[in-house]
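# quick one: sequence and predicted model below, then my questions.
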Amino acid sequence: MEEKLKLYLRTMISHEGSDLHLKSGSQVRIRIHGVLKLLGKEELTSQQMEQLAKEITTEDQYEKLKTDRNLDFSYAIGKEHRFRVNFFYQMDGLSAVFRIIPVEILSIEELGLPTVVNEFANIQRGLVLVTGVTGSGKSTTLAAILDKINREQKKHIITVEDPIEFVHKDRGCLINQRSIGQDAHSFSDALRAALREDPDIILVGEMRDLETIDIAMHAANTGHLVFSTLHTLDAKETIDRIVGMFPNDEQNRIRMSLASVLEGVLSQRLIPTKRGGRVAAIEILKKTARIEQLIAENRDNEIPDALFDGKEIYGTQTFDQALLDIFRRGDIDEKTALEYATNPADMKLKMQGVGKGAIVDENTNKEMDVFDFKDEEG
């Protein structure tokens, strides 16, 4: 079965796919540019899936799969290709998803990310979060930021991941990468230990529970730079999610602490382009006096307006501003922009040259509000 798996994976790679789906009693599927497509006609049996699990896991991993009913680990084909793997049981038997992890770490520029993302590599302390749904490129963006730090600075970086995705070589920085299960029992245990290991920067693969969030915020409060991810759609939801994880009587304390340590939130979604492939649209929150005040005073609903207003001065932007920029570049069509917009009606108006941010000054490249204009006679 492992040889058949390698054939599936190589086929996926050759078609620029991102995920391979295997399910007991079903045909093989691969995800290409966000769309699931059938790969051949063979239906995998539950016996084949069990055999595959035994062949590509260690004895301890297989026992953990049988006990926990799911398992995360990494798998490699030579030195060229690595995959993040999740095996899990469902009503028909075992299923598995193999997500490709690029061996080469692309730079912020090569990924086509906004230039302001470079600034997050120069922060000295605090908390920076990259958020989005599964498959939105969070790990790729974080890897690009860490790689920039690794090439330009001399720091001690500790990563805690489940499993390790991008492998970083020591360049200017010393980097210790720990995998949950293999090198540590849990995110919270590894993060607590990291505070005793003289780190400058800590990457937490995912802030999954209250204890991990609490320790991460403590680390950021005590002078460390902490990067992590959350499965949230935008900056406002990210702040609400973190505060809401804590008991009611602690939420004011957490909100004040978060207002102090949160240096940035990058919330991204991958949008299908006209040429095929996908492009990242990113909402960007950077710490400013206004943002800090809004978080501290529980005025999260005003955050999108603050991000919108700060685009030219601070480089912040809402998701719809990012989407509009991509549309203006010609990478996506109007239908796609409206389909993915947070506020489609408002997006439609901006495309038609109506409303705040709809008009761009050709000389300054800054957005203008047409409602502020006066005619020559007025």
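Sure thing, it's come through. Numbering: from 1, shown residues only.
# any idea how many residues pack against N150?
23 (other Cβ atoms under 10 Å). C-betas here are computed from N, CA, C, even on glycine.
# now swap in the one 5 residues further on and tell me
When neighbours are defined as other Cβ under 10 Å, K155 has 17 of them.
# what's the answer for A193, then?
Around A193 there are 14 other residues, counting by other Cβ under 10 Å.
# can you tell me the average pLDDT over the particular helix or strand that has it in it?
In the assignment (DSSP states H and E), A193 maps to helix 187-194. Taken as a whole, helix 187-194 has a mean pLDDT of 92.
# helices or strands up against it?
Helix 187-194 is packed against strand 156-161, strand 201-204, helix 210-221, with contacts defined by 3 or more Cβ pairs under 8 Å, 6 or more residues apart in numbering; DSSP states H and E.
# hey, which of these is tucked in deepest?
strand 201-204 (a mean of 25; mean count of other Cβ atoms under 10 Å).
# now that strand - C-alpha only, PDB.
Below are the C-alpha coordinates for strand 201-204, written out as PDB (Å, rounded to 0.1, in the frame of the first residue of the first chain):
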ATOM      1  CA  ILE A 201      11.200  34.100  19.800                       C
ATOM      2  CA  ILE A 202       8.700  31.300  20.300                       C
ATOM      3  CA  LEU A 203       6.400  29.900  17.600                       C
ATOM      4  CA  VAL A 204       3.400  28.000  18.900                       C
END
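# paired strands for it, with orientation please.
strand 156-161 (parallel), strand 225-230 (parallel) (DSSP bridges).
# just put the ones you listed in a markdown table and tack on distance to D249 and mean pLDDT.
A markdown table is the format used below for these (distance: least, Cβ to Cβ, whole Å; pLDDT from 0 to 100):
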| stretch | distance to D249 | mean pLDDT |
| --- | --- | --- |
| strand 156-161 | 29 | 96 |
| strand 225-230 | 23 | 96 |
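# with distance to L338 as new columns, can those be given to me in CSV?
Shown next, in CSV, are the strands paired with strand 201-204 (distance: least, Cβ to Cβ, whole Å):
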stretch, distance to L338
strand 156-161, 37
strand 225-230, 27
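# what does the helix holding A193 rub up against?
Contacts to helix 187-194, defined as Cβ atoms under 8 Å, 6 or more residues apart in numbering, come from residues 158, 160, 162, 178, 180, 183-184, 202, 204-209, 211-212, 215-216, 219.
# how about the helices and strands packed on helix 187-194 in a markdown table, adding distance to Q321?
Shown next, in a markdown table, are these (distance: least, Cβ to Cβ, whole Å):
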| stretch | distance to Q321 |
| --- | --- |
| strand 156-161 | 31 |
| strand 201-204 | 28 |
| helix 210-221 | 27 |
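# poorly predicted segments of this protein, please.
354-378 (pLDDT under 70).
# find the residue at the geometric middle of it.
Geometric centre of the chain, nearest residue: K138, 1.8 Å, by Cα atoms, centre = their mean.
# test my guess that I180 contacts R208.
No: contact criterion Cβ atoms under 8 Å: I180 and R208 do not qualify, at 10.1 Å.
# quick one: contacts for the residue nearest to the centre of the chain?
130-132, 229, 268.
# farthest pair within these?
T229 and Q268 (10.5 Å; Cβ to Cβ).
# so between the two, which is more surrounded?
Q268 (24 against 21).
# bridging residues for the more buried one?
Bridge pairing for Q268 - DSSP bridges - gives I282.
# doesn't I282 make contact with it?
Yes: contact status for Q268 versus I282: in contact at 4.4 Å, counting by Cβ under 8 Å.
# just the element for G223, please.
Per DSSP H and E, there is no helix or strand for G223.
# phi and psi next, for it.
phi 100, psi 10 (degrees, to the nearest 10).
# I77 contacts L9, doesn't it?
Yes: under the criterion of Cβ under 8 Å, I77 makes contact with L9 at 6.3 Å.
# overlap in contacts, the two.
F83.
# with neighbour numbers in mind, choose between these two.
Neighbour totals were compared for I77 and L9, and L9 leads with 19 against 13 (other Cβ under 10 Å).
# that one and F227, how far apart?
29 Å (Cβ to Cβ, to the nearest Å).
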